[in-house]
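>>> What follows is a predicted protein model with its sequence.
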Amino acid sequence: QTQAHEEHHFRYDVPGKAEKWQTFAPAQALSYTDDQGKPIVVMTGTANYREGGCASSANPKAFGEAGKGQLATVGTTGGGKEGSLTENARNWAGNWGFAAYGGPGNKPKVKVGPAKPWKHNGIDGYTATAEVTVANRASTCVPATAVVHSIAQKLPDGTMHGWVIYADQGVPNALTNDQITKIMNTVRPTTP
């Protein structure tokens with residue numbers, strides 16, 4: 001299944017419905033909010049893996065399709081001009097790990113690695129990886145650990161855009177590194 005979102009200039013592929021993947025309308029937003037209901041992170045052009053498998057979430061403050069027990073979520077984000085591309089790559093990986101796996105109320109431990117160049121399929125940007133240790137395991141459905149990968153690119157107008165995948169680890173049917181890499185390797189620009 002191919003998912004694309006023109007706003008962020010990303011297109012990518014995920015496995016088919018038979019493998020429990022679901023894509024959403026490109027403009028449908030998915031977000032995690034703070035205690036005041038303000039979004040911490042927002043993504044569009046999303047896809048979920050095994051939604052509803054286990055309805056518990058490390059961060060109940062989720063909007064849209066976030067936190068519905070899926071084992072992985074992919075989407076696009078960004079659009080600002082602040083900071084460098086490397087900073088944004090690291091921030092997107094870290095912020096999604098923080099918000100999806102606990103948020104301000106149950107802060108997870110998030111370790112973000114250095115941003116590295118990412119040159120694939122016509123995208124010349126940076127990638128970063130965050131390793132998450134979950135603090136609030138409300139049930140066995142909530143994973144002990146998770147991984148987040150980002151890809152950041154800069155468009156000619158100076159805006160920076162991110163592609164993000166966050167995935168539960170150490171639970172049945174969790175995505176493997178090879179499966180995540182395979183999806184990341186499909187990421188490409190939408191037609192200019």
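Yes, it's here.
>>> For this protein, which segments count as strands?
Here the chain has its strands, by DSSP state E, at 2-5, 10-13, 21-23, 30-33, 39-49, 62-63, 72-80, 109-112, 116-120, 123-133, 145-154, 160-169.
>>> Pick out the shakiest of those, pLDDT-wise.
When the strands of the chain are ranked by mean pLDDT, strand 62-63 comes last with a mean of 55.
>>> how much distance is there from the longest helix along the chain to the middle of the chain?
Using DSSP state H to define each element, the chain has its longest helix at helix 85-100. Relative to its chain's centre, helix 85-100 lies at 9 Å (Cα atoms, centre = their mean, to the nearest Å).
>>> got the contact list for that helix?
Contact with helix 85-100 is made by 32, 40-41, 43, 58-59, 66-67, 73, 77-78, 83, 107-108, 110, 112, 114-115, 125-132, 146, 148-154, 160, 162, 164, 166, as judged by Cβ atoms under 8 Å, 6 or more residues apart in numbering. To be clear about C-beta, it is placed using only N, CA and C from the backbone, and glycine gets the same treatment.
>>> Of the strands of the chain, flag the one that's most buried.
Mean neighbour count, computed with mean count of other Cβ atoms under 10 Å, is highest for strand 160-169 among the strands of the chain, reaching a mean of 26.
>>> Any idea how far it is from the middle of the chain?
Relative to its parent chain, strand 160-169 has a centroid offset of 2 Å by Cα atoms, centre = their mean.
>>> ok, that strand: who's next to it in the sheet?
Here strand 160-169 has these sheet partners by DSSP bridges: strand 72-80 (antiparallel), strand 145-154 (antiparallel).
>>> Which among these is found nearest to residue 179?
Nearest to residue 179 among the strands paired with strand 160-169 is strand 72-80; the distance by Cβ to Cβ comes to 8.8 Å.
>>> and that closest one, C-alpha only, in CSV?
What follows is strand 72-80 as a C-alpha-only set of coordinates in CSV (Å, rounded to 0.1, in the frame of the first residue of the first chain):
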residue,chain,number,x,y,z
ALA,A,72,3.6,0.8,14.9
THR,A,73,2.6,4.1,13.3
VAL,A,74,4.2,5.9,10.3
GLY,A,75,3.5,9.4,9.2
THR,A,76,4.7,12.8,8.1
THR,A,77,5.2,16.0,10.0
GLY,A,78,7.0,19.4,10.1
GLY,A,79,6.8,22.4,7.9
GLY,A,80,8.7,25.0,9.9
